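Undergrad: Test case, fold it:
(3 chains)
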Amino acid sequence: MPELPEVETVRRGLDARLVGRRIDRVEVGRERVVRRTSRDELIAGLTGTTVTAAGRRGKYLLLPLDSGDEMMIHLRMSGQVLLVPAGAERLPHTHVVMHLDDGNEAWFVDPRTFGEVVVFDPERVGEVLPEVARLGVDPIAERFELREFRRILRSTRRALKPLLLDQHVIAGIGNIYADEILHRARLRPDRPANSLDARASRRLHDAIGSVLREAIAAGGSTLSDAQYVDLMGDGGSYQDDHRVYGRAGERCLTCGRGWIRRTVSGGRSTHFCPVCQR
DNA sequence: AACTGTCCCTGCAAGC
DNA sequence: TGCTTGCAGGGACAGT
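TA: Residues are numbered from 1 along each chain as shown, chains lettered A, B, ... in the order given. Sure thing, here's the model as predicted:
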C-alpha cells in the first residue's frame, strides 16, 4: 500500500515527467475521487495550467501549478498515477485523465476509490484540506531532529505503533513501514512511548530514517496484489526486504529464535518478533 | 487524552 | 464449479 516510500517514488517520477508539462484537457469519470470539491472545479482548476513542481508531505502529493493553485493527489489504499501515451487503452478504474502537451496522458487509477484528486488555493489549505495543514514532520523531506522526536516520545504513554501511524505526529508512515521500523529498532509495537530511554529513542529515530531511505532506494514495496506501481507501471522491490510484515508464523530472520507474531488492533494487523523486540 | 469500532470500496483468497 | 465470507488498509469520524 502506498506509504511514504511509494509516494516518494511516484513524486520522483512526476518530477521527471510531469513538471513543466501543460494540462490541455481533463476528463473526470467517477465523481467520488473528486468528492472534496467537484468534477467541474477540478476540470476548471487544471485545464490550461502548467505543473511547476512536484512536492510531497507524508503521503500527500502536492503539485503547484502556474495558476497559483496546487493539485493534491492522495493514493490512499489502491490509487495509482500512471503516465501513458495519448490514446492508450484505459485501464479499469481510470477516474481522472489529464491530456498533456507532450503527447502523453497522466491517469489517476483507483479500484477502491479511497484516493482523491483536488485542486485548491494554497492560502485556503486549512479549509479545503485541514488534515494537510495539521500534518506532522515528514522524516525524509524535512529536518527530523532527534531532540524533537525525543520530546514527542516523552510526552505520551501511547503505544509506539499507533504513535508512528499518527500522521499528525510523523507524516508518511503506514502499517507496513511501522512494523518494519519497530523491528529494526528492536522495540515492541505496544511499548509505551514514554518508556524509551535515550538509546532506545535514538534507535527508533535511526530506524525511521534508514528503513524509509532503503525502501525509497528500492522503489517502495509492491505486494502480491500489485496494487502499488510507479508512474511507469513498475513495481518496487522492498517487499523482498520485509522482515516481519506478512511473515506471521515464520521464524524471525533477525534473531533466528523467535516466531513472528501477528496481532490485530484498531482493525489493523501488527507483526513483530517477541524475542528480539522488547 | 487515548482507546475502539465503523465507514468508505474493490479484488482476491479461502472455505464450504 | 460457484457461492459466501473475510481480509487488506488510510484516514475521518463517533462513541466511550
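Undergrad: Give me every residue in the stretch 51-200 of chain A lying close to DNA strand B.
TA: A:77, A:92-93, A:111-114, A:156-159, A:162 (CB under 7 Å from any atom of the strand). Backbone N, C-alpha and C define where each C-beta goes, glycine included.
Undergrad: Any of these buried? List them.
TA: Those of those that meet the buried threshold are A:93, A:111, A:113, A:159, A:162, by 16 or more other CB atoms under 10 Å.
Undergrad: and the two most separated of these?
TA: Farthest-apart pair in these is A:93 and A:159; separation 35.4 Å (CB to CB).
Undergrad: number of nearby residues for the closest residue to residue A:191 other than its chain neighbours?
TA: With CB to CB, 6 or more residues apart in numbering as the measure, residue A:160 is the residue that lies nearest to residue A:191, at 5.1 Å, once sequence neighbours are left out. Look at residue A:160: counted by other CB atoms under 10 Å, it has 24 neighbours.
Undergrad: ok, now residue A:134?
TA: By other CB under 10 Å, 11 other residues sit near residue A:134.
Undergrad: so it sits right up against residue A:171, yeah?
TA: No. The pair residue A:134 / residue A:171 is not scored as a contact, 9.6 Å apart, by CB atoms under 8 Å.
Undergrad: quick one, strands of the stretch 51-200 of chain A?
TA: Applying DSSP state E, counting those that start in this stretch to the stretch 51-200 of chain A gives strands spanning A:55-57, A:60-64, A:70-74, A:80-85, A:94-100, A:104-109, A:116-120.
Undergrad: Those into TSV, with extra columns for mean pLDDT?
TA: Putting the strands of the stretch 51-200 of chain A into TSV (pLDDT from 0 to 100) gives the following:
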stretch	mean pLDDT
strand A:55-57	94
strand A:60-64	95
strand A:70-74	95
strand A:80-85	95
strand A:94-100	96
strand A:104-109	95
strand A:116-120	94
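Undergrad: Just the closest residue of the stretch 101-250 of chain A to DNA strand C, please.
TA: Across the stretch 101-250 of chain A, the shortest distance to DNA strand C (CB to the nearest atom of the strand) belongs to residue A:131, at 2.5 Å.
Undergrad: So for the closest residue to that residue other than its chain neighbours, what's the pLDDT?
TA: Counting by CB to CB, 6+ apart, the nearest residue to residue A:131 once its immediate chain neighbours are dropped is residue A:167, at 7.2 Å. We have a pLDDT of 92 for residue A:167.
Undergrad: check contacts around residue A:167.
TA: Residues near residue A:167 by CB atoms under 8 Å, 6 or more residues apart in numbering: A:58-59, A:131, A:135-136.
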